[in-house]
Structures are given as C-alpha cells and as structure tokens.
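Chemist: Sequence first, then the predicted structure:
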Protein chains: 2
Amino acid sequence: MKQNEIKITFQPSGRSIYVLPGTTLLEAAARAGFILQTPCGGKGTCGKCKVRVTSGHCAEPVPNSVLSNDQIRQGFRLACQAKAEEPLVIEIPAASLFEHEHQILIKSGKYEVKLSPYLRKIYFTLEEPSMQNPQADLARLRQALGDIRVSYKMLRHIPQFLRNNQWKGTAVLADRQLIALEKGDTCGSLYGVAFDIGTTTMVGTLIDLACGTEAAVSAGMNPQVTYGDDVLSRVQHVREQPGSLSELQAVLIDAINKLIERMAAEKGISLSSIYDISVAGNTAMQQIFCGLNPHALGEIPFTPVFDQAFRIPAESLGIKANPASDTFVFGQVGGFVGGDTVAGMLASRIDQWGKPVLLVDIGTNGEIVLFNQGRMWAASTAAGPAFEGARISHGMRATAGAIEKVIMGEEVQINIIGNVKPIGICGTGLIDAVAEMLRTGVLDVTGRMLPLDELAATVPAALRKRLIVRDQQTDFILVHAIESGVDGPIMITQKDIRELQLAAGAVRAGINILLKRAGIAADELDAVLLAGAFGNFIRRNNARRIGLLPQIPCDKIRFIGNAASLGAKMALLSSREREYSERLRGKTEHVDLSLDPEFQMEFSAAMLFPEHEPVV
Amino acid sequence: MKQNEIKITFQPSGRSIYVLPGTTLLEAAARAGFILQTPCGGKGTCGKCKVRVTSGHCAEPVPNSVLSNDQIRQGFRLACQAKAEEPLVIEIPAASLFEHEHQILIKSGKYEVKLSPYLRKIYFTLEEPSMQNPQADLARLRQALGDIRVSYKMLRHIPQFLRNNQWKGTAVLADRQLIALEKGDTCGSLYGVAFDIGTTTMVGTLIDLACGTEAAVSAGMNPQVTYGDDVLSRVQHVREQPGSLSELQAVLIDAINKLIERMAAEKGISLSSIYDISVAGNTAMQQIFCGLNPHALGEIPFTPVFDQAFRIPAESLGIKANPASDTFVFGQVGGFVGGDTVAGMLASRIDQWGKPVLLVDIGTNGEIVLFNQGRMWAASTAAGPAFEGARISHGMRATAGAIEKVIMGEEVQINIIGNVKPIGICGTGLIDAVAEMLRTGVLDVTGRMLPLDELAATVPAALRKRLIVRDQQTDFILVHAIESGVDGPIMITQKDIRELQLAAGAVRAGINILLKRAGIAADELDAVLLAGAFGNFIRRNNARRIGLLPQIPCDKIRFIGNAASLGAKMALLSSREREYSERLRGKTEHVDLSLDPEFQMEFSAAMLFPEHEPVV
C-alpha cells in the first residue's frame, strides 16, 4: 500500500502524515490534527480554509473571487478544494485554524470567548496599618481586591501573610473567593486544565489562564475500559461489585493525574500553579469521576444524581493541582446526556444558530442535540464502541497502524495512520469500507454480505477474490496476510457489519426521534454539526451512505472538532461561559429514547442501509 | 445586717431575694434577674412595669390613669413606683418583662423580631423517580426545598439517603445551604445557642428555633481570666508566649462547651439538635475564640483581623453541636469595639431612636455608642475590671455574699446578694459606697478620703469611727470584722477609690469625646441606654454622682439588660437581624480614644468627681 501514499508535512508544526493521492488538503490537515475553518461547509466559497503550499506542486485552481491571482501565485490554496497528488509541504495560517493551537483562544464560528476566567490573580500592595488607617486586615485587603469572600482557613492565614510579606503579594481569586496568597507578583503564572472524559478516551488541555492560550495537550485511554467497554456495563459493574465505585474513580483520577503531570512537565510548570480544573463527560463518567454512585443510571428511569454544574474541591478528588483549587463539573441534562453534551452545545453555540440545526457527537455513546425555533432536545444513544474500534474483529482506535480510509474500485485502496503496516481498522475506515461494499454490491441493504453466487456481475474480480465463506457466513478480506502488520489477514466479518449497523442505527434512530419531536424533516436542517475526535475524520458522503446521517447535502455537514473538549476549555477561560452552559442545560429537554414508544421501530428501520447513494 | 432585710419572692419562677426596706419592686425584680419594661424611664407614666402583689402588703398608689381602681384592688402595682416595706410575693405578668423568659421573643422597646432564623428545617416528601419524572435527585430535592446549595459531601450523601428513606425526610437548611438530612419529620427539634463572651463573664442561651423561645440560660466565668484580668493583658500574654493562643482558645471553647452541655441537659435535648451558634464579644475575645491571632490588637494602631461578620464551621472550633453547624461571629467596628457592641446596637435599635441617644455597655471594657442625626460613633474604653470587682481590695462579682447596695446616713446600711454574711463588694455596691462617701463628706472631689481632722462637722459619728489611717492613707471600714463573712473587716481603701476613678473616668471621658465628635452636649441626649449585666443593677443617681454618667435626668437613663446577649439571640432568631447588624456595623465610625488628642485631657478631668449632687 505504501507505494502509492504521499507524504504531507504541515508547518509551522512540522507534523507529517501519509495520504492517498487525491485527498483534499482539508482532510489531510484534519488527519494531522488541524481542524480548519469551513463555515461554507467545504464548498470553496468562504475562503476561510486557506493554506499555502510551500513545497511540491498542487494544481492551481480556476481563479475565483475567493483567492486573488497574487495569492494563488504565492502558493495559497483552499484546503477544501485542493487535492494532494504528490508530496507537499503546507503552511497553515493561524487564522485558518478552527481551534487556534497555542494561541489566543477561541473562535467558534461566529463568536469569540473573551478571557474572563473564574480564576484570577491580582497583585496587591497595601498601605500598612497606621494611626490614620487602622482598619482591619480584611477590610484593607478588600480595598485592594474588591468584595472578596474568605474561608475560615484563609482568614487565619491572612494576618501572618500580610505582615511577613510587607503587605504585598498575589491574591488568587475563584470568582469572589480568595483561595490563595502567593509571595511576590506571580500573576503571570496561572494555569487550568480542561478535560473531556470520554467513555473510551480522554483529552486534557493545559490552559495558560494569564493569557488565554493553550499550553499543552495530552490524550489517553479511559482506564475504566477494563471494567466494561460501554457506559452501561461500567454502571452494572458498580452495581454488582460493592466498593468498586472508588476503584473505578481511583483509576480514572490516576489517569487524569498522569495527563496533568505530563502536560505540566511539557510546559515546565509546577502543579501548584494549576488552580482550576474543568471536566466534561457523560453522566456516568462524571458521576464516577466525582465518586457519586451511578447506581440509579443502571435502571429505569436512569436518574442522575445532579443536574446543575458543580464545583468540587480538587483535593477531595485527589487531583494533582493546587490544593486550593476546585473542579468545575458541567451540568447534566438527564439520563446519559451529561456534561460533555452541555460543553458541546456551549462550544457550538447551537442556540444561536437561528435555523434548525443538529449537533451529533459520536463516541462510545452518540449524543444528539436538535435546535429548532428556540427549543432544544437532547438524547443519548448507546452507539457502543464500534466507532472507536471496539467489538470489531480487527477494530482499533485511530492510532498508528489503523486503516482510516478505504476506497474500493477495481481494487481496494487503503490509507493507514503512520508510516507502518496496517494492523487493524478504525471507525472511519470501517464506515468507508462498509459504504464502499454497499456501492460495489458486496453488501445488500439488510447488511448481509452476499455469497459469490448472489453477487451481481458488476462486482470487480479483485473484490470477489476477497470474499470468503466460513460456516455459511461471508467475510471480507480487507488486507491480505502478506500485506498486513499482524499475523494473518485483516478481515471485515459479517458480525462487524452487524455491529456497525447497530451503532449507526442507534444514532440515526435518535436523530429521527428528535426530528419528530421538533416536527421537522431532515431536509429542513440548516446544518449537521459533527463533533467528537472521530467526527473530524469521517467522510460525510460515506456517513450518509451507511445511513448514520440523514440524506442532507454534504455541504450542510460541518466538522466542529472535539466540541466537548472545546467547551471544557471555554469554561476555564470565562466564568460567563460557565453561566451560559448552565442556561443551555436548563433550556434543554431530555428525550429518553429508551422510553420513547417509537424508538424501537425507528431503530429497526435505521439498521437497514439506505437503498440508494445519496443524491446531493 | 440581716435583721432589717426583707424577702421578696417572684412568681411564677419562685425565685427569692433579700432587699433593704424601701427598695422599689423594679429594682428588686432586676436583682432577681427580671428586667421589666420601663419605656417611660421609671416615671410611673407608661404602666408597662405592672406587677401584682399576691402576698404581703404594698402601699396603694394614688389612683391614676395608668392603673384602674380595679387593678389596684387586685394587687397590681407599678414596679417602678411601689416600694417593698415587708416580705412580699410578687407575680410578674409575662407582658411586663423586657426579655420574655421562655417565651416568644423578643421585644426591644419598639420592635419585635419575627422568627425567621438562618437555620430552618423543612420536612419533604418527594415523588419517586418514574418514567414520567426521571429528573436528577438534586433537581427533585430542589423542587421541594427551593434553590438550595449543597456541598460535595452532601451531594454524595443525598442519593443514598433518599433511597433508604422512601424519598422522605427533614432537610436542615442554613440559609440556602442544605447542611443535613434527618430521617422522619424532626422539624420540631431545632436549637441554637447564643453567646455573649465577656472578658470576665460569659452568658449562653439555648434557643428553640422551631418556636423562637428561650429554652435555657447558663452563665459562667471566662476562664481566660487566669491569663490576665483585662483584654490587653491577655493580648500581651499571647504576644509574649508563642503557642498560648491555642491554649487561650481551648479553655474558652471548653467553658463554652460546658455551658452548652449544661443547657442541653437541662432541656433534655441532644447536642446534635443544636444547629446554630452565635457569638458576640469584643474584638480580642472574638479573635481568640476564632483562633485568630490578636497580635496586632496589642500595638498601635490596634488592628483587628476582620470587620465583617463571619461564619465558621463549629467543628473546626471544636464546639459541641451538630458537626454540620456554623458559628456566626458578629462583625467588628474596629480597635476593641467588637461584636458585643454591634450586637448591643442591634438589640437596642439605636439607629432608629430618632433623637440623640447614647448606649453604654459597662463590663471589663466600657463600650460607648452615640447616635446623632443618622450617624453613629463607637468607642471602647479600658475601664478595667473594677466594675466587676477585680483590682478592688475586697472586690468580687455580683454573686452570693457580695455587697450590692450601700446607703450611708447616720449609719451604713448594706444589702447582700443571697442570704449569707457579706464576703466582698461588687461593682454596684462600690459605686453606691463611693457616691455616699461623697455625699457624706468622707471623700473629696479629688477622690481623697479625708483624715479625721479634715472632716466636716456634719459627718456622722458612726462614719467617722469607720475611717482608719494606715501609712498616711485613710481607708474605710464598710463591714466590721464581727459582721463579715471573711476573716477581718471589709474595707474600701484609698486604692480602691483610685481604681474606681480610673474606670469611671475612662467611660466618662469616652462619652465626652463622642459627644464632642457629634457636636452635642450631654443635656441634648434623649436617652442613655445602660446595657450589660452590671448596668441593670446600678443606681442611676449614684452613677451620676460619681461622674460615670453625665448629669442628665435619671428618667432618661434606661436599663436595657444584657444587650450583647440579646443581640446574639436575635441573630439566631432571624437572618434579617444578621444583615441588620452588618448594616449597623458598616455605618458606625470607630473612634480610637487612645489616638484622640483630647482624650488624656478629658480623662484627667473625668477622674475628678463632680462637685455637686446631680440636680435633676
């Protein structure tokens, strides 16, 4: 496979990836972790995804109003239009990034987050007590810091601190609460960490709260996967094994601490300069993180413990940060629709869209939010971890060795993450493969892989050769043993198809139920916002082909990156965003799909693949 | 002395005391601990101090508009007018009490405190989670309790509590904070304790917050007296002995706990039903109570740690009450003007007086507040513990055996607390004695006890015999050895007179400074409110004679009982009173007498006794 892959290097980061010829620069950039702005949906009309080719040749576009002739001469291309046909070096202007990396944050389409963090530092110099000004220590401090609140512990600390430090120092404020006093002027050193805790994966971001920039990012597996690969199995584990809640909490906190330590080391800062933590996850993840028994999430009517956003002392959770810091945990909508959904709604500003819009965050669970005429509905579907590679014969996460793209024509072409032999298939690759198998006629709409004698004559010979029948069941060889990085071929089995049908069907059924609630049809949607790490790499066309997404034009399907993580970062950057998230949560109606009488019907229907290729 | 004392018994309590013939029933009642209402200042015009003589004869008053003939026939008398000449049994109607004992609280002259405590209990019955109502536990609880706040600890407790108790129980709320959940309906059992922590003495009151009544009262010495008998000496002790702060705090908390346990035992309640504590004391007492170093109160410019009122977890102070309870500590004005003064201002509603009014709370410190034209000034004078019997040769507190009243005519008549031989003299007795010595010419205005050869001819022979000269100094035998309960006579020495001059002079100088600040003369005062346990027993006339109080008419001097203790109780009864106390504190200007250039002059002048008997 290697022979026809081409190397694309992105500047200024220097990150490289290998892609199949014909891949758009937009897609290549996303694969390298750079989400570009595409408000026009990749139609080539807005000019926001502009990049510059600095080495290698990339076909010049027909001059248009978006790029000037000068720009084109300088190597500028629209990433959504330009395709890589040979090795390239691409420079990404900061303004083209959807999420600016290591830069003043955060633009999410139409708005910017103004830096106004819940945590602040203020350097103060107080007048010493004198006969002219004999006021109480606390009154003196209030004069410099405003109407602060102090705990009893802090009250005991203040007099000594002020007298030992010549009445000067840096106050650390959490909103109006004085949580720490530091010697000298340390205003330049104030950090927070934002976490998106997924059922399978976790992403942490270290934010420099003094200037609002991202200082480091670190991701890892949620170590709870050993207790069950989906949310419900973990909740069941806690229900069945008394005492296991603290165990599940401990492994999670431990993993979070490792990410924090890694990021702090990378940036070269002390853990004690981290004064704020924000966490977004689904209700089960958040409750386990908080040490709140998720027992009632394991039985009808799936009741969470809390709804409003919460602050919990980091110390009582055992999080490695300044002992005075709190953890902000996002509010929860209900059932399994938790803080990650709220954070995603916050990041996407779904309520300001004006027209009907759908937010779909695909992970181990699929969360769906529909906005229409000022109202919002949210549902969680137990998509299962198929999209994240679990429960698939050769499934794997989107890391090195994963087949992440599949094209089937006369032969099978694949793209692998990293410059290695393929060792498995990740979610996007699986969707591609299944979509292509539908197109080529290897698969019928019921999801059955056809035996050789039922195949249409149009199925290319090369594909026929890949079909093997075992135990009256047909499987598909995606990578022959000789080309594979594992012992034997990489297969897509009939069972894998069924898993994908369940996962996609659940999401699609959820979408349909919400559309019914709102009383609108799919083609009335102004946009489908695809969120989640996975969402960024999906081929829109193929997502529609397998019925995961409704049949709406591809240019209405927009990638918005990891919205939950973005929302968690926004909560660190501005207390107004926290309040906004609470308003969004309060206005959102939870739709419990398991209690919806129509869901089973929709689910059954959605498990059938669409008859036809999407037409627009 | 016993022979001419008469016994007065008060109903319904059954409490008895012995008084000299001619004592008003108002004074006798006060000696027995019953402060009667006297809004007219004891002129016999308002009728509020009405009592009923049920046994013994008490001269009928001239019929007037205040008491009807019927009432007089039934034995009703005005306590401020009627005098005891023989043993009596007196019934005190509840309405005549200034502080209703064991009754719906609290009238302070013009206003009533509406029961609206910071601590509340609410019994709730929640709908169980169902498919129709699957909301989060916390949302469910909020529906019953309003917009509550919960700590992380409480959040962890809620789900289990609700499920173990069929979704019913009693919520304990501190303002909006849910601090405890109790099984069943325990709304009838909610208590608070209010403390007035004086430098020398402490008073605790157990309040039934369910109905707003006093459940028990208990008083005791401040055990810190062993570390110094005044505020400054205790502050010095802490400054000089590192580590002694926690020692002073510990003995105080220990004594407070003993009072709490005593009251709880008396009422037969569990300590865990006490959910609120309020504390009023001067700045040094409050800071030591809180474990806040009073170091800066021991040097110019006498800076307290805090000004605003504070809530401190009872658990972190080691107070024996429900572990979820907080201690409300009154705000502090500045210097040594602390929470007791603020509580006293609250109880007296000094700011609502309309006309110029002076509040004087005499204890080990003397606190003075002046209200004039919407402004308030407060000062603390280091009166020293002379009024509480300390630093006086035969001084003692106003307990059994104390001479509490002295009349000098041809002979010396004394009244003793309790049916025992005299063992010392308390503050009121000392003031009486000194005033009488001035009247009879035994003492001159400089405070010098005259030797025999300088005495005027008018001084009765019996008094002359009591003067003895030792070391060129004259002392006065108040009780001869043969009549005394101690080994030897009870003396008033020249040094005792000097101590009293210092104490009275300090208070009086403070009053004069505040009057100057306000730009008014003493005779413009509409009232002088005398507060403090001591204040209730003082003879107004004698207090003026020794110059402790300005020369204003006696009917303008009003006893308002232990205002600090009353304020502390009010803070338990209503959160509005807490807020009100903070507003009062915020509006009060602290006058630091030690920094006032005129204070020394005023002090010197005030130490001279007035030349003449007060005329009105």
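Modeler: Received it, and whenever you're ready, just let me know what you need.
Chemist: What residue in chain A is the furthest from its centre?
Modeler: Distance from the C-alpha centroid of chain A peaks at residue A:131, with 59.4 Å (CA atoms, centre = their mean).
Chemist: That residue belongs to a strand?
Modeler: No. Using DSSP: H, G, I helix; E, B strand; the rest coil, the assignment for residue A:131 is coil, not a strand.
Chemist: Tell me the predicted confidence for it.
Modeler: On the pLDDT scale, residue A:131 is placed at 89.
Chemist: cool, residue A:581 as well?
Modeler: Confidence score, pLDDT, at residue A:581: 98.
Chemist: And residue A:142, by the same measure?
Modeler: In this prediction, residue A:142 has a pLDDT value of 96.
Chemist: and it, how many neighbours?
Modeler: 18 (other CB atoms under 10 Å in any protein chain shown). Using the backbone N, CA and C atoms, a C-beta is placed for each residue, glycine as well.
Chemist: Quick check: which element contains it?
Modeler: For residue A:142, the host element (DSSP states H and E) is helix A:137-145.
Chemist: which helices and strands sit right next to that helix?
Modeler: With contacts taken as 3 or more CB pairs under 8 Å, 6 or more residues apart in numbering or on different chains; DSSP states H and E, helix A:137-145 sits against strand A:119-125, helix A:152-164, strand A:168-174.
Chemist: Please repeat the previous calculation with a cut-off of 7 Å.
Modeler: In terms of contacts (3 or more CB pairs under 7 Å, 6 or more residues apart in numbering or on different chains; DSSP states H and E), helix A:137-145 is packed against strand A:119-125, helix A:152-164.
Chemist: The following helix or strand past that helix and chain B in contact?
Modeler: Scanning forward in sequence from helix A:137-145 by DSSP H and E, the next helix or strand is strand A:149-150. No. Judged by CB under 7 Å from any CB of the partner chain, strand A:149-150 and chain B are separated, with a smallest distance of 8.5 Å.
Chemist: counting contacts, what elements does strand A:149-150 pack onto?
Modeler: Short answer (3+ CB pairs under 7 Å, 6+ apart): strand A:149-150 packs on strand A:177-182.
Chemist: Moving along the chain from the strand it packs on, name the first helix or strand you hit.
Modeler: strand A:191-197.
Chemist: could you give the angle of that following strand to strand A:119-125?
Modeler: On the basis of axes from the mean of the first three to the mean of the last three CA atoms, to 10 degrees, strand A:191-197 is oriented at 170 degrees to strand A:119-125.
Chemist: outside of strand A:191-197, which residues touch it?
Modeler: If you take CB atoms under 7 Å, 6 or more residues apart in numbering or on different chains as the criterion, strand A:191-197 is touched by A:119, A:202-209, A:215, A:222, A:256, A:260, A:263, A:269, A:273-281, A:285, A:289, A:340, A:562, A:564-565, A:568-569, A:572.
Chemist: Out of those residues, which are close to chain B?
Modeler: By CB under 7 Å from any CB, no member of those lies near chain B.
Chemist: Could you tell me which of those residues belong to helices?
Modeler: A:256, A:260, A:263, A:285, A:289, A:340, A:564-565, A:568-569, A:572 (DSSP state H).
Chemist: Show me what stretch A:165-174 is in contact with.
Modeler: Outside stretch A:165-174, the residues touching it (CB under 7 Å, 6+ apart) are A:118-126, A:128, A:145, A:148, A:161, A:178-187, A:275, A:324, A:326.
Chemist: near chain B, which residues of the stretch 1-150 of chain A?
Modeler: Residues of the stretch 1-150 of chain A lying near chain B (CB under 7 Å from any CB): A:129-131, A:134-139.
Chemist: Let's see that with 8 Å instead.
Modeler: A:129-131, A:133-139 (CB under 8 Å from any CB of the partner chain).
Chemist: ok, of those residues, which one's closest to residue A:27?
Modeler: Using CB to CB, residue A:138 comes nearest to residue A:27 of the residues of the stretch 1-150 of chain A next to chain B, at 58.6 Å.
Chemist: Give me the nearest residue to the closest one, chain neighbours excluded.
Modeler: residue B:306 (4.3 Å; CB to CB, 6 or more residues apart in numbering or on different chains).
Chemist: What is the burial count for that neighbour?
Modeler: Residue B:306 has 23 nearby residues by other CB under 10 Å.
Chemist: Go ahead and confirm it touches residue A:155.
Modeler: Yes. Here residue B:306 lies in contact with residue A:155, judged by CB atoms under 8 Å, at a distance of 6.3 Å.
Chemist: Pull up the overlap in contacts between those two.
Modeler: Jointly contacting residue B:306 and residue A:155 under the rule CB atoms under 8 Å, 6 or more residues apart in numbering or on different chains are A:138, B:292.
Chemist: circling back to that earlier point, would you mind giving the ones in helices among the contacts of strand A:191-197 as CSV with neighbour count and pLDDT added?
Modeler: Below are the ones in helices among the contacts of strand A:191-197 laid out as CSV (neighbours: other CB atoms under 10 Å in any protein chain shown; pLDDT from 0 to 100):
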residue, neighbour count, pLDDT
A:256, 26, 97
A:260, 23, 98
A:263, 22, 96
A:285, 29, 97
A:289, 24, 98
A:340, 34, 97
A:564, 34, 94
A:565, 29, 93
A:568, 35, 97
A:569, 30, 95
A:572, 29, 96
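Chemist: Name the nearest of the residues you listed relative to residue A:232.
Modeler: For those, the nearest to residue A:232 is residue A:285 (12.2 Å; CB to CB).
Chemist: From chain B, how far off is that closest one?
Modeler: 15 Å (CB to the nearest CB, to the nearest Å).
Chemist: give the contact list for that residue.
Modeler: Residues near residue A:285 by CB under 8 Å, 6+ apart: A:197-199, A:222, A:231, A:252, A:338, A:340.
Chemist: Please name whichever of the helices and strands packed on helix A:137-145 is nearest to residue B:319.
Modeler: Proximity to residue B:319, assessed across those by CB to CB, is greatest for helix A:152-164 (12.7 Å).
Chemist: Whether that closest one contacts chain B - can you check?
Modeler: Yes. Applying CB under 8 Å from any CB, one finds helix A:152-164 in contact with chain B at A:152, A:155-156, A:158-160, A:163.
Chemist: for that helix, packing partners?
Modeler: Packing partners of helix A:152-164 (3+ CB pairs under 8 Å, 6+ apart): helix A:137-145, strand A:177-182, helix B:283-290, strand B:310-313.
Chemist: neighbouring contacts of that helix?
Modeler: Helix A:152-164 is touched from outside by A:126, A:137-138, A:140-141, A:150, A:169, A:178-179, A:181, B:290-293, B:295-296, B:305-306, B:310, B:312-313, B:316, with contacts defined as CB under 8 Å, 6+ apart.
Chemist: List the residues that contact residue A:480.
Modeler: Neighbouring residues of residue A:480 by CB under 8 Å, 6+ apart: residue A:489.
Chemist: likewise residue A:81?
Modeler: Counting by CB under 8 Å, 6+ apart, the residues that residue A:81 touches are A:24, A:44, A:61.
Chemist: Any quick ChimeraX command for the buried ones out of these?
Modeler: Those of these that count as buried under 16 or more other CB atoms under 10 Å in any protein chain shown are selected in ChimeraX with:
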select /A:24,44
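Chemist: and the contacts of residue A:81 as CSV, adding secondary structure and pLDDT?
Modeler: Below are those laid out as CSV (DSSP: H, G, I helix; E, B strand; the rest coil; pLDDT from 0 to 100):
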residue, secondary structure, pLDDT
A:24, strand, 88
A:44, coil, 82
A:61, coil, 78
